[in-house]
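In: Turn this into a model:
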Amino acid sequence: MTNLDRVAREIKTVGLYDLILQDVIRLVGHSNPTVGEIRRILDTHPEILREYKQINVEYNLSNIHLKPISFQNVETACREDIERFNQNLKTLKSIEKYTLDFAHSSTLVIIFSIEFFVLFSVQYLIVLMSLKEWQWEIYGLFGLSIIAAWWYANREKGIYARESKRFETLYDDTLRLLESLEERGCVRKEELWVMESDEHV
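Out: Predicted structure coming up:
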């Protein structure tokens, strides 16, 4: 569901992917690779595509380059499967963020940021507000915040693992459904490609 021609063009022209472009330049051996050369690199070096997908997820951009199927001029026999395909597509896009490794997720960054803020607040309360007589109580609260952060991080890690697995299963099911719809003449995949991201414009 990722259009490799679009990926190749974006790697060449969108600044967000400059580091990937540097890897491609190293692989092709010259400084101005064509979109066709980048496309061939994507076929032979899957790590380049993985890097592209990871950057997109980090920046809340979708790696699913298909739009929902329109119901105009669609046979009644296809409608139920088209509805299911469109719903699957919507769900995939909503849980795509969970395909990112939890260790690299924004959730973990937020947890660490909050804990840093709490630690700074503890120091501020004890030193600058002269609350040394309350320091053990304040440190106790800080200790509780660490336990709460650890519990929350573990819970979120579990959600990431579960939703990532759900994404993979639903992705495969949706691909099979699309193939079935194509075989039955309900839709042409070429007409569903979204060849440009609004976020890049």
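
In: for W193, phi and psi?
Out: When read as degrees, to the nearest 10, the backbone of W193 gives phi -60, psi 140.

In: Excluding sequence neighbours, find me the nearest residue to it.
Out: Spatial nearest neighbour of W193, chain neighbours left out: N3 (5.2 Å); criterion: CB to CB, 6 or more residues apart in numbering. All C-beta atoms are positioned from the backbone trio N, CA, C, and that covers glycine.

In: what's the neighbour count on that neighbour?
Out: Using other CB atoms under 10 Å, N3 has 19 other residues around it.

In: cool, and M195?
Out: 10.

In: So for it, what's the pLDDT?
Out: Per-residue confidence at M195 stands at 89 (pLDDT).

In: isn't there a helix covering it?
Out: No - judged by DSSP: H, G, I helix; E, B strand; the rest coil, M195 forms no part of a helix; its state is coil.

In: quick one, what contacts it?
Out: 3, 5-6, 65 (CB atoms under 8 Å, 6 or more residues apart in numbering).

In: I11 now?
Out: Listed by CB under 8 Å, 6+ apart, the contact set of I11 reads 17, 20-21, 24, 38, 48, 52.

In: got the buried residues for stretch 15-27?
Out: Residues 16-17, 20-21, 23-25 are the ones in stretch 15-27 that count as buried (16 or more other CB atoms under 10 Å).

In: Helices of the chain, start to end?
Out: 4-13, 18-28, 35-44, 46-58, 76-95, 106-123, 135-183 (DSSP state H).

In: Which strands and helices lie in contact with the longest one?
Out: So that's helix 135-183. helix 76-95, helix 106-123 (3 or more CB pairs under 8 Å, 6 or more residues apart in numbering; DSSP states H and E).

In: do you know which of those lies nearest G185?
Out: With CB to CB, the closest approach to G185 among these belongs to helix 76-95: 8.4 Å.

In: so L108 makes contact with F102?
Out: Yes - between L108 and F102 there is a contact at 6.4 Å, judged by CB atoms under 8 Å.

In: Between these two, which contacts overlap?
Out: E156.

In: comparing the helices and strands packed on helix 135-183, which gets the lowest mean pLDDT score?
Out: helix 106-123 has the lowest average pLDDT among these, namely a mean of 82.

In: So what touches that one?
Out: With contact meaning CB under 8 Å, 6+ apart, helix 106-123 is reached by 58, 102, 138-139, 141-142, 145-146, 149, 152-153, 156, 160.

In: center of the chain - which residue?
Out: With distances taken as CA atoms, centre = their mean, the chain has V57 as the residue nearest its mean C-alpha position (2.3 Å).

In: Pretty sure that residue sits against E51.
Out: No - counting by CB under 8 Å, V57 does not reach E51; the two are 11.1 Å apart.

In: looking at this protein, which helix or strand is least sure?
Out: None of the helices or strands of the chain scores lower by mean pLDDT, DSSP states H and E than helix 106-123, at a mean of 82.
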